[in-house]
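Q: Quick check, what structure comes out for this input:
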Amino acid sequence: MVPESASTDTSPEGVLFLVPSTLGESEPAEVLSGAVLQTIRRLDGFVAEEPKTARAFLRRVGMERPLQDVRIAVLNEHTHAADLPALLEPALNGQHIGLLSEAGYPAVADPGTELIALAHARGVKVVPLVGPSSLLLALAASGLNGQGFCFHGYLPIESAPRAARIREIEARSRSDGSAQIFIEAPYRNQQMLAALIEACEPRTRLCLATDLTLHDEAIRTRTIAAWRSATPDINRRPTVFVLQASPSADAAKRSGPPGLRRSRPRSGERGARPGSGEA
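A: Okay, here's the model as predicted:
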C-alpha cells in the first residue's frame, strides 16, 4: 500500500507501516524495492529507536520533505507502556506512520512489539513492508531445517549459564530435528563461538551468517569439529548463529531415512501446509 500523499492525508484511516532498514551501510536501493522506498518517502512520521540513525537512513532513502520537518518519536528500552498511546496518536488521527528498525526488520529481535499490539487493539491497520530479516536470510542460506526452527534471541552473557543454555538448545535440536537460531552483540561474537565449540558435540552443525547483504557477507555451515580446526574471526561483525544437532536414535527412527521433506501438499491434500517454524 503506497499512500498517494501521506503528508496531506486527514482521513481516519491511519496506518502503522513496519519499515525495514538495511542491515549495514549498504544503500537502501540495494535491498529495498522501489515501491517500498516510495512508501517510506511519503510517510508522515516515524517511530524509531534512535532518531540520529533513523535520519541517516531516511537521508539515504531520499525523503520528499526536508528531514527537519519529519517527526521521529522515540521507542526504545526506556519507553514506558504508558507512553505508547502517544506514539500511536498520529495514526489514530489519520496519519500514516512508520515503525522503523535500526537494522533489518521491526519487532523481530527489535523493539516495537508492544506498539504493534496496541495498534491492533485500537483498530489501526498494520502493514508490513517487504525488506531484509537477518534471521530468515541466515536460516534459508544455512541448509538447516527451515520446516521447524526456533529463535531464542540473546543467550546468557555469563559463561556457566551460557554453556548450560547452549547444551539445552542442542538437546532440543537433537530431540526434534529443529534448527535453533540466536544472536549476540557483535563485540561478544568471538566468545559465543568459543562457547559453542566448547559445549556442543562434534557432529552438531553450526551456521555462521556474517555481514548479511553486505559486500563482505560470509555464510558457512560446518560441523563443530570442523569449526574447532579452523575458527574464523567474527569479532565485531554482525552474525546470526544457526545450530542443528545430529538426531538421537529415537528421533532418527521417527523421522525415517534422510531425504527431501515435502513442502507442497500431495494431490487430494488441499489445504495441507508444510511444517511451520516457531520464530
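
Q: Could you list the low-confidence segments of the stretch 101-250 of the chain?
A: 248-250 (pLDDT under 70).

Q: What are the boundaries of the helices in it?
A: Counting by DSSP state H, counting those that start in this stretch, the stretch 101-250 of the chain has these helices, from start to end: 113-122, 134-142, 159-176, 189-199, 224-229, 249-255.

Q: could those go into JSON lines alongside distance to residue 102 and mean neighbour count?
A: Any C-beta I mention is one placed from the backbone N, CA and C, and that applies to glycine too. As requested, the helices of the stretch 101-250 of the chain are exported to JSON lines (distance: least, Cβ to Cβ, whole Å; neighbours: other Cβ atoms under 10 Å):
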{"stretch": "helix 113-122", "distance to residue 102": "15", "mean neighbour count": "16"}
{"stretch": "helix 134-142", "distance to residue 102": "12", "mean neighbour count": "21"}
{"stretch": "helix 159-176", "distance to residue 102": "24", "mean neighbour count": "16"}
{"stretch": "helix 189-199", "distance to residue 102": "18", "mean neighbour count": "18"}
{"stretch": "helix 224-229", "distance to residue 102": "29", "mean neighbour count": "15"}
{"stretch": "helix 249-255", "distance to residue 102": "38", "mean neighbour count": "11"}
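
Q: which stretch among those helices comes nearest residue 78?
A: Minimum separation from residue 78 across the helices of the stretch 101-250 of the chain (Cβ to Cβ) falls at helix 113-122, 13.2 Å.

Q: So which residues lie in contact with the closest one, not counting its own?
A: Contact partners of helix 113-122, identified using Cβ atoms under 8 Å, 6 or more residues apart in numbering, comprise 16, 18, 47, 75, 81, 84-85, 87-88, 91-92, 99, 107, 125-126.

Q: which of the residues you listed sit farthest apart?
A: Spanning the widest gap among these are 81 and 125, at 21.8 Å by Cβ to Cβ.

Q: These two: which is more packed in?
A: Using other Cβ atoms under 10 Å as the criterion, residue 81 and residue 125 rank with residue 125 on top: 14 against 8.

Q: Quickly note the distance from the more buried one to residue 118.
A: Taking Cβ to Cβ, to the nearest Å as the criterion, residue 125 is separated from residue 118 by 13 Å.

Q: ok, now which ones touch residue 56?
A: By Cβ under 8 Å, 6+ apart, residue 56 lies in contact with nothing.

Q: can you rerun that using 10 Å?
A: Residue 56 is in contact with 25, 50, 67, counting by Cβ atoms under 10 Å, 6 or more residues apart in numbering.

Q: Give me the distance between the last one and residue 35.
A: Distance of residue 67 to residue 35, computed by Cβ to Cβ: 22 Å.

Q: Next: residue 236.
A: Relative to residue 35, and taking Cβ to Cβ, residue 236 is found at 34 Å.

Q: swap in residue 162?
A: Taking Cβ to Cβ, one finds residue 162 at 42 Å from residue 35.

Q: quick one, domains of the chain?
A: 6-128, 134-255 (automatic domain parsing).

Q: Not counting its neighbours along the chain, what's nearest residue 93?
A: Nearest residue to residue 93, sequence neighbours excluded (Cβ to Cβ, 6 or more residues apart in numbering): residue 14, at 6.5 Å.

Q: Give me the neighbour count for that neighbour.
A: Here the count is done by other Cβ under 10 Å, and residue 14 has 24 residues near it.

Q: repeat for residue 67
A: Residues near residue 67, counting by other Cβ under 10 Å, number 12.
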